[in-house]
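Peer 1: Predicted model and sequence follow; I will ask about them next.
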Amino acid sequence: MNFSGTHILSVKQFTRADIERIFEVAGRMESYAERRKITRVMEGAILGNMFFEPSTRTRVSFGCAFNLLGGQVREITDVKSSSITKGESLYDTARVISGYSDVIVMRHPQSGSVSEFAKASRVPVINGGDGTNEHPSQALLDLYTISKELRSNDRNIDGMHIAMVGDLKHGRTVHSLSQLLLLYENIRFTLISPTELCMPESIVSDLRTAGHQVHETDDMESGLSDNDTVYLTRIQEERFDSKLEAAIYRGRFRLNQAIYTRHCQPNTVIMHPLPRDSRKEANELDNDLNQHPSLAIFRQADNGVVVRMALFALVLDVVQLVEESARDVTWHTKGRFEKNIPLQSQQN
Ligand code: NCD
């Protein structure tokens, strides 16, 4: 596809060649994301970062990605402080904010709302998560991470075994990641969830039609065996009618050091889109795995910056210009991005 000026709303719009192009550009962004080099290619441009739902990583990493390219960021982080509470339509908001911005990232609790907003926008819109529907930039950074992690174990995305665990009904990250994997071949999916929170049937059926194997289970321990990657998710309590209902499922599926050692293959990559719910009653991914070399969750979050930089560079058509305006940073950052080194020893 021609990325220039397009909205990024769904993983369904990509071909496999598009993914390869995004990953190739993301790879070229690493020296900027790691603050070894500076580029100012987006100088003068403004990102409208509109988050009508809670967010830490997605909002901040989109903002950092734009800053790292030299652009500036304006944010709305709360529905209550925007005119949407005065009854303004998505159409009017889109017409107005797109007049102030060169590109917009939007997160909203309603499925389909970001596409509706994009129709009225005068500038490209990137979906930062719309309800339970999709989270395309997360799926891209997840796949970028999987590809990097598996490569270091001499494995590929094609033919891999992946387990997805938790709230597969409401989790937009697993919806987008599964649909992105339709572009790859011969994957074995083990979908581990309470029966009531299983993956939507339409996605399961698309995976099977694409030739993938899908095994659905509510037995975590058997589901964990023989996977290249285990992708854990949080019970999405904000999508339930009541917190009490969400509490029924919280803590049902947990991964910790003992369970990992007993049931996973030695190098199984551990992923989670974050935030992990670390409250005692949930704790789907225990802190006792924090130093485990296969725990990829923070590398995954770091990868969000390069993948989002790549999306901006492609959509605003500056990929070729990034390097032209590059220079070295003048401050000291050594060690911060070295893998799996606790902060203490990085400072020594
Ligand atoms: C996810 C989301 O918002 O869908 N978070 C994120 O963007 N990394 C997952 C979640 O909230 O559980």
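Peer 2: Thanks, I have it.
Peer 1: got a list of what the nearest residue to Lys243 once chain neighbours are set aside touches?
Peer 2: Distances taken as C-beta to C-beta, 6 or more residues apart in numbering put Glu237 closest to Lys243, at 5.8 Å, once the chain neighbours are dropped. C-beta: built from backbone N, CA, C; applies to glycine. Contact analysis of Glu237 by C-beta atoms under 8 Å, 6 or more residues apart in numbering lists Lys243, Ala246, Ala247, Arg250.
Peer 1: Equivalent analysis for Ile104, please.
Peer 2: 47-50, 94, 97-98, 117, 121, 123-126.
Peer 1: Over to Arg21?
Peer 2: Counted by C-beta under 8 Å, 6+ apart, Arg21 has contacts Phe3, Leu314.
Peer 1: Helix or strand: which one has it?
Peer 2: Element membership for Arg21 (DSSP states H and E) is helix 16-28.
Peer 1: What's the mean pLDDT across that helix?
Peer 2: Per-residue pLDDT over helix 16-28 has a mean of 98.
Peer 1: so where is this structure shaky, pLDDT-wise?
Peer 2: Filtered on pLDDT under 70, the chain yields the residue ranges 79, 81, 332-348.
Peer 1: Strands along the chain, start to end?
Peer 2: For the chain, applying DSSP state E gives strands covering 37-38, 46-51, 72-76, 103-108, 125-130, 161-165, 188-192, 213-217, 229-232, 269-271, 327-328.
Peer 1: what sits up against the second one?
Peer 2: Identification of contacts with strand 46-51 by C-beta under 8 Å, 6+ apart yields 58-59, 62-63, 66, 71-77, 97-98, 100-107, 128, 312.
Peer 1: near the ligand, which of those residues show up?
Peer 2: Near the ligand, judged by C-beta under 6 Å from any ligand atom, the entries from the contacts of strand 46-51 are Thr58.
Peer 1: about what we covered before: select from the contacts of Ile104 the one having the most neighbours.
Peer 2: Counting neighbours by other C-beta atoms under 10 Å, Val125 leads the contacts of Ile104 with 28 neighbours.
Peer 1: burial count for the residue lying closest to that residue once chain neighbours are set aside?
Peer 2: Spatial nearest neighbour of Val125, excluding adjacent residues (C-beta to C-beta, 6+ apart): Ala118 at 4.0 Å. By other C-beta under 10 Å, 22 other residues sit near Ala118.
Peer 1: ok, now how distant is Ala118 from the ligand?
Peer 2: 19 Å (C-beta to the nearest ligand atom, to the nearest Å).
Peer 1: And Arg254, by the same measure?
Peer 2: 15 Å.
Peer 1: Was I right to think that residue contacts Asp288?
Peer 2: No: using C-beta atoms under 8 Å as the test, Arg254 is too far from Asp288 to be in contact (10.9 Å).
Peer 1: Between these two, tell me which one has more neighbours.
Peer 2: Set side by side, Arg254 and Asp288 show more neighbours around Arg254, with 15 against 12, by other C-beta under 10 Å.
Peer 1: Tell me how many other residues surround Ala17.
Peer 2: 10.
Peer 1: List the residues that contact it.
Peer 2: Ala17 touches nothing, counting by C-beta under 8 Å, 6+ apart.
Peer 1: At the contact with the ligand, which residues of the stretch 151-300 of the chain appear?
Peer 2: Selection of the stretch 151-300 of the chain residues close to the ligand by C-beta under 6 Å from any ligand atom yields Arg172, Thr173, Arg234, Gln236, Pro273, Leu274.
Peer 1: Tell me how many other residues crowd Glu201.
Peer 2: 8.
Peer 1: swap that for Trp331, sorry
Peer 2: Neighbour tally, Trp331, other C-beta under 10 Å: 5.
Peer 1: how far away is it from the ligand?
Peer 2: Taking C-beta to the nearest ligand atom, one finds Trp331 at 29 Å from the ligand.
Peer 1: quick one, what contacts that residue?
Peer 2: Neighbours of Trp331 in contact, by C-beta under 8 Å, 6+ apart: Arg35.
Peer 1: Equivalent analysis for Val214, please.
Peer 2: The contact partners of Val214, by C-beta under 8 Å, 6+ apart, come to Phe189, Leu191, Val204, Leu207, Arg208.
Peer 1: State the distance from the last one to the ligand.
Peer 2: With the distance defined as C-beta to the nearest ligand atom, Arg208 ends up 25 Å from the ligand.
Peer 1: residue contacts, that residue?
Peer 2: Counting by C-beta under 8 Å, 6+ apart, Arg208 touches Val214.
Peer 1: Equivalent analysis for the fourth one, please.
Peer 2: Contacts for Leu207 (C-beta under 8 Å, 6+ apart) come out as Ser178, Leu181, Leu182, Ile187, Phe189, Val214.
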